[in-house]
Structures are given as C-alpha cells and as structure tokens.
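Participant: Predicted model, plus sequence, below.
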Amino acid sequence: MTAQDSNALRLLYTEHHGWLKAWLCARLGNSSDAADLAQDTFLRVLLARNAVAIREPRTYLSSIARALLIDRFRRRAVEEAYLATLAARPEPLDISPETRLAILETLTAIDAMLDGLGERTRRIFLAVQLEGLGYAAVGKRLGVSVTTVKKHLIRAMTHCLLLVED
C-alpha cells in the first residue's frame, strides 16, 4: 500500500467511522454489532485498495455496510431456520460445535449459490432437485416448455459446477 493510499484510508476512517457506526447502530439497535460491521466495512475498503479514488465516501461506505448487513441478516435467517428444524426433530441431536458450524457454512454457501441464479432458474432447480418433480410437471407448473426447463437446469448446474471449482 502506498503512502497516499494509507493517508487516504486514515482520513476516510477518521472522518467517517463515527458516522458509519451511528448509521449501522440505527439499523441494528446494537452498538457492539454496529462497531463490528463498521470495522468490516473499512476492512473491505482496505482490501479493495481504492481509498484514494472514493468520490462520495458516505455513499460508498453505506453501500458496503448495507451489503454486509444483508449478508448478516441472511446468515441469521439460515441459522434460525436450521435451529427451528433441529428443534422440530423428535429425537435429540447432540452435534459438536464444529459440525454445527460446518453445516451452517454449507447452508449459507448453498443460499448464496441459489441467490446467484435468476428467479425462474432457481424455481426450476428447486422443483426438480428438492421436490423431485419431472421436467414436464415443472414446465406445467410454471407455464413453460420442457425445453425451457432443461435450459434452466443446465444453467443452474453450470452455475453450481463453476462455484465448486472455485
């Protein structure tokens, strides 16, 4: 990092950290979580190495922080759904914290993968993979041809394979 980048980041941090933390606190209602997300936001700026090029700092910082908030809420929703599913099981489960973390990370990755698909592609993929519907049944349900169902499944599978390779 050049001295100019370092100075720009230092200036950005000193001028906007308090504002960003207050902005996040208003949305989260918790100052310690707001402080964590503010630090994560500045870490993203640091990793992007573009503090010198930022023209509208508050807009830039709030857009990064908003994305981090969305990720945080999505992760929480996945965790809550997972815990609700575990609570609904009749037999008690005793899994290690490591296993629980691995499951939650996998579910979060699957959620992010599905989020990367278009709406129709996601619906077709889930209908075939989770509900076990045939191509014709999915096509009838969504009002599309079997060929369209196949094209969307190919798109979804390609998306999955590309993510696995990364």
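Facilitator: The structure has been received and is ready for your questions. Residues are numbered from 1 along each chain as shown.

Participant: Give me the below-cutoff pLDDT ranges for the protein.
Facilitator: 1, 51-52, 92-93, 164-166 (pLDDT under 70).

Participant: ok, which stretches of it are helices?
Facilitator: In the chain, helices defined by DSSP state H lie at 3-28, 31-48, 57-88, 97-115, 119-129, 135-142, 146-165, listed in chain order.

Participant: Relative to Leu46, how far out is the residue most central in space within the chain?
Facilitator: Closest to where the C-alpha atoms of the chain average out (Cα atoms, centre = their mean) is Asp71, at 4.1 Å. According to Cβ to Cβ, to the nearest Å, Asp71 and Leu46 sit 18 Å apart. Where you see a C-beta, it was placed from the backbone N, CA and C, and this is true even at glycine.

Participant: again with Gly29
Facilitator: When Gly29 is compared with Leu46 (using Cβ to Cβ), they lie 27 Å apart.

Participant: of those two, who's got more company?
Facilitator: Per other Cβ atoms under 10 Å, whichever of Gly29 and Leu46 has more neighbours is Leu46, with 16 against 9.

Participant: Would you mark the buried spots in stretch 129-147?
Facilitator: Neighbour-count burial for stretch 129-147 flags Leu133, Tyr135, Val138, Gly139 (criterion: 16 or more other Cβ atoms under 10 Å).

Participant: give me the number of residues near Thr59?
Facilitator: Counted with other Cβ under 10 Å, Thr59 comes out at 10.
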